[in-house]
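J.: mind folding the following:
(one chain, ligands or ions: 2)
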Amino acid sequence: MAFFNLFRRQIAPVGLVVTTNINHLHRRFLSRLQENFEYDLVVIGGGSGGLACAKEAVAHGAKVAVLDFVKPSPQGTKWGLGGTCVNVGCIPKKLMHQAALLGEAVHEAAAYGWNVDKDNLKLDWSVLRQNVENHIKSVNWVTRVDLRDKKVEYINGLGYFKDKNTVVAVMKNKTEKVLTTKYVVIAVGGRPNYPDIPGALEYGITSDDVFSLKTEPGKTLVVGASYIALECAGFLNAFGYDTTVMVRSIFLRGFDQQMAEMVAAAAAEKGVKFLQKTVPSAVEKTEDGRLLVRYTSAEGQQGSDVFDTVLFAIGRKACTDDLQLQAAGVKLHPGSHKLAVNDIEQTNVENIYAVGDVLQGKPELTPVAIHAGRLIARRLFAGATQKMDYADVATTVFSPLEYGCVGLSEEDAIAKFGEDNVEVYHAYYKPTEFFIPQKSVRYCYLKAVAFKSGDQKVLGLHYVGPVAGEVIQGFGAAVKAGLTIKILLNTVGIHPTTAEEFTRLSITKSSGLDPTPATCCS
Ligand code: FAD
Ligand code: NDP
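T.: Ligands and ions are numbered 1, 2, ... in the order given. As a prediction, the model looks like this:
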């Protein structure tokens, strides 16, 4: 009877049709009992990848626990269940991005006849912050309820390994909960880096803090020139805060550099200031409580300025320090805090897998973590064999001018296949909706990087302009399906949209013809 009850616990919660999976579940249950493990799977880290993996695993009948624990930021910021994306990443960022776009839209609305007092626009930071926070709290709550409904055991504890089948959760009150398990998935993500300069840790903030600042940011220095830096600088500037970005080398490393320069130029046109080829050397508190930042240029010139907020967006470090990986025999990628895995996300220890931002050399994006997490669960518990394909993952920088892309940059395509084998189609365009408010269209640009010969398989698509994320999402599927220039140009567009420009690309870079239409780019 005890056996029956235990077995029923495995299948009843997920409502599976018993006949289809019973043998599979039965075998797994017996195997767990024989091996004396309490769980089929323990996931360390309840963010995008970990939660997706855990939920998928229970859907296939596994007994699963998820450990999630958030250490406060050096400034004391804490948050709830769901990981970086929900609490201090994609979601608050997208909401602030939307607030920035709305501010711009009010100016345009006047040209369309709306009676708005556009000269007295002012963002109320506390209202925005509070509403963003409320949304995040509601997502935290829904996530918790979802885990409970799906019978994923959620443990609010910091996980570490005792051995390869034993994970210990250190609870808030410092008591320890020991869990034995057949498999472990490490999904601990990362946290922002601080530079090793005086005052950085004491006075600086990161993306962990910026979305929940109790007082408005004021004049802000953003250090770094990649996704997070440009996105945060973009919305802060749009909110009316004096914003400077300190750039160590190039913009958006790894992205198509023509597009990256365009994103930065658009930000500069909107008022963001740039300190090029410069790094900070110290942050000090002034007598009136502001922050004096000293900096050095690549030529060795010293400078300083006073800010209200200093935001470091200089990359992230994987959270592997607390895991005591050596107890399980798991090795880090040499010289890194990240984990190297094989093509089924398996670490060097057979029963231990890893997913998401903790992985070496993989895109640090939420949908990547989610997809890979689900596939691990399906392979472990549903007999699936599909592997994660990390190629051609579409992404967008919300800066707030959006830059979306999928596939190779122009320079990477040329480096990989040679200049003679690569053709680049490009165009500036003028979105219809830009005409009435006479919006600057200098930065509405797109290009397709393709092979020069045959049907011209598309290697990369790049788009700067309105709703780039939405535009590139669909084209991402097409690229995955082997899109060619021939297919692209044979696709009938939707008029009048900006995305349709991709279907009428006709000018190649090699032709030297001007990609600017007559009505564009004033
Ligand atoms: P995480 O979501 O970071 O989750 C890991 C969880 O594990 C955390 O809750 C952590 O506290 C917990 N943890 C760590 N160590 C332990 C331990 N020992 N025990 C228990 N729990 C532990 N991606 C996009 O796709 N689109 C975007 O627009 C986007 N915007 C972003 C904006 C910002 C500002 C940032 C910082 C990131 C953004 N990202 C975006 C990236 C995205 O957030 C990450 O790729 C994604 O969250 C990674 O998921 P993960 O599961 O690997 O880790
Ligand atoms: P990145 O690692 O992408 O970039 C770090 C930036 O900081 C670079 O510009 C780098 O310059 C600079 N930098 C590094 N160290 C220093 C230093 N000591 N002093 C000054 N500058 C320094 O990190 P991010 O934090 O921007 O983003 C992390 C990840 O989060 C991204 O890879 C992305 O996958 C994800 N993300 C996704 C978003 C989206 O999908 N829209 C949005 C935000 C984040 P250099 O080039 O010289 O090395």
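
J.: residue ranges for the helices of the stretch 351-500 of the chain, please.
T.: Counting by DSSP state H, counting those that start in this stretch, the stretch 351-500 of the chain has helices at residues 366-381, 410-417, 468-480, 485-489.

J.: just name the most buried of those helices.
T.: Burial of the helices of the stretch 351-500 of the chain is given as mean neighbour count (mean count of other CB atoms under 10 Å); helix 366-381 ranks first at a mean of 23. Any C-beta I mention is one placed from the backbone N, CA and C, and that applies to glycine too.

J.: hmm, back to that, let's have the helices of the stretch 351-500 of the chain in CSV, adding mean pLDDT and distance to residue 332.
T.: Output for the helices of the stretch 351-500 of the chain, formatted as CSV (pLDDT from 0 to 100; distance: least, CB to CB, whole Å):
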stretch, mean pLDDT, distance to residue 332
helix 366-381, 98, 19
helix 410-417, 98, 27
helix 468-480, 97, 31
helix 485-489, 97, 43
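
J.: distance to residue 47 for those - can I get that in JSON lines?
T.: Below are those laid out as JSON lines (distance: least, CB to CB, whole Å):
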{"stretch": "helix 366-381", "distance to residue 47": "7"}
{"stretch": "helix 410-417", "distance to residue 47": "29"}
{"stretch": "helix 468-480", "distance to residue 47": "21"}
{"stretch": "helix 485-489", "distance to residue 47": "36"}
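
J.: of those helices, which is nearest residue 204?
T.: helix 366-381 (25.2 Å; CB to CB).

J.: what angle sits between that closest one and helix 468-480?
T.: Put simply, helix 366-381 runs at 50 degrees to helix 468-480, going by axes from the mean of the first three to the mean of the last three CA atoms, to 10 degrees.

J.: count of neighbours near residue 35?
T.: Using other CB atoms under 10 Å, residue 35 is surrounded by 11 other residues.

J.: begin at 13 from here
T.: That works, and once the first residue is 13, the last one we named lands at residue 47.

J.: got a list of what it touches?
T.: Residue 47 makes contact with residue 194, according to CB atoms under 8 Å, 6 or more residues apart in numbering.

J.: and the residue of the stretch 413-534 of the chain found nearest ligand 2, how far is that from residue 173?
T.: Nearest to ligand 2 in the stretch 413-534 of the chain, going by CB to the nearest ligand atom, is residue 481, at a distance of 8.2 Å. Residue 481 is 38 Å from residue 173, where distance means CB to CB, to the nearest Å.

J.: what's the answer for residue 86, then?
T.: Where residue 173 is concerned, residue 86 sits at a distance of 26 Å (CB to CB).

J.: can you check residue 496 too?
T.: For residue 496, the distance to residue 173 - CB to CB - is 48 Å.

J.: show me what counts as buried in the longest helix belonging to the chain.
T.: If you go by DSSP state H, the chain has its longest helix at helix 137-161. Using 16 or more other CB atoms under 10 Å as the test for burial, helix 137-161 gives 137, 140-141, 144, 148, 151-152, 155-156, 159.

J.: likewise stretch 239-255?
T.: Buried positions in stretch 239-255, judged by neighbour count with 16+ other CB under 10 Å: 239-251, 253-255.

J.: same deal with stretch 452-462?
T.: In stretch 452-462, counting by 16+ other CB under 10 Å, buried: 453-462.

J.: turn these into JSON lines, columns for pLDDT and distance to ligand 2.
T.: Shown next, in JSON lines, are the buried residues of stretch 452-462 (pLDDT from 0 to 100; distance: CB to the nearest ligand atom, whole Å):
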{"residue": "453", "pLDDT": "76", "distance to ligand 2": "23"}
{"residue": "454", "pLDDT": "83", "distance to ligand 2": "22"}
{"residue": "455", "pLDDT": "84", "distance to ligand 2": "17"}
{"residue": "456", "pLDDT": "94", "distance to ligand 2": "19"}
{"residue": "457", "pLDDT": "97", "distance to ligand 2": "19"}
{"residue": "458", "pLDDT": "97", "distance to ligand 2": "18"}
{"residue": "459", "pLDDT": "98", "distance to ligand 2": "20"}
{"residue": "460", "pLDDT": "98", "distance to ligand 2": "21"}
{"residue": "461", "pLDDT": "98", "distance to ligand 2": "20"}
{"residue": "462", "pLDDT": "98", "distance to ligand 2": "24"}
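
J.: interface residues of the stretch 213-362 of the chain facing ligand 1?
T.: For the stretch 213-362 of the chain, the residues in contact with ligand 1 (CB under 6 Å from any ligand atom) are 219, 240, 331, 334-335.

J.: which of those fall in strands?
T.: With DSSP state E as the criterion, strands contain none of those.

J.: and these near ligand 2, which?
T.: residue 240.

J.: which of the residues of the stretch 213-362 of the chain next to ligand 1 sit farthest apart?
T.: 240 and 335, at 24.4 Å, using CB to CB across those.

J.: end to end on stretch 196-216, go ahead and measure it.
T.: Terminal residues of stretch 196-216 lie 35 Å apart, using CA to CA, to the nearest Å.

J.: same thing with stretch 287-300?
T.: End-to-end distance of stretch 287-300 (CA to CA): 24 Å.

J.: near ligand 2, anything from it?
T.: Yes: residues of stretch 287-300 contacting ligand 2 under CB under 6 Å from any ligand atom: residue 291.

J.: list the buried residues for that stretch?
T.: For stretch 287-300, burial by neighbour count (16+ other CB under 10 Å) applies to 287, 290-295.

J.: and which of these is nearest ligand 1?
T.: Of these, the one sitting nearest to ligand 1 (CB to the nearest ligand atom) turns out to be residue 292, at 19.5 Å.

J.: and the closest one, what does it touch?
T.: Neighbouring residues of residue 292 by CB under 8 Å, 6+ apart: 207, 209, 212, 233, 235, 258, 305-307, 322.

J.: of those, closest to ligand 2?
T.: Distance to ligand 2, by CB to the nearest ligand atom, is smallest for residue 207 among these, at 4.3 Å.

J.: and that closest one, how many neighbours?
T.: Applying other CB under 10 Å, I find that residue 207 has 18 neighbouring residues.

J.: what do you get for residue 88?
T.: Neighbour count of residue 88, defined by other CB under 10 Å: 7.

J.: quick one: pLDDT of the residue in the stretch 13-162 of the chain positioned nearest to ligand 1?
T.: The minimum distance from the stretch 13-162 of the chain to ligand 1, using CB to the nearest ligand atom, falls at residue 59 (1.9 Å). pLDDT, residue 59: 98.

J.: and if you look at residue 452?
T.: pLDDT recorded at residue 452 is 79.

J.: touching, it and residue 281? I think so.
T.: Yes: counting by CB atoms under 8 Å, residue 452 touches residue 281, with 6.7 Å between them.

J.: tell me which residue of the stretch 313-462 of the chain lies closest to ligand 1.
T.: For the stretch 313-462 of the chain, CB to the nearest ligand atom, closest residue to ligand 1: residue 368, 2.0 Å.

J.: how about the stretch 163-312 of the chain?
T.: Residue of the stretch 163-312 of the chain nearest ligand 1, by CB to the nearest ligand atom: residue 201 (2.2 Å).

J.: what's the closest non-adjacent residue to that residue?
T.: Excluding its sequence neighbours, the residue lying closest to residue 201 (CB to CB, 6 or more residues apart in numbering) is residue 369, at 4.5 Å.
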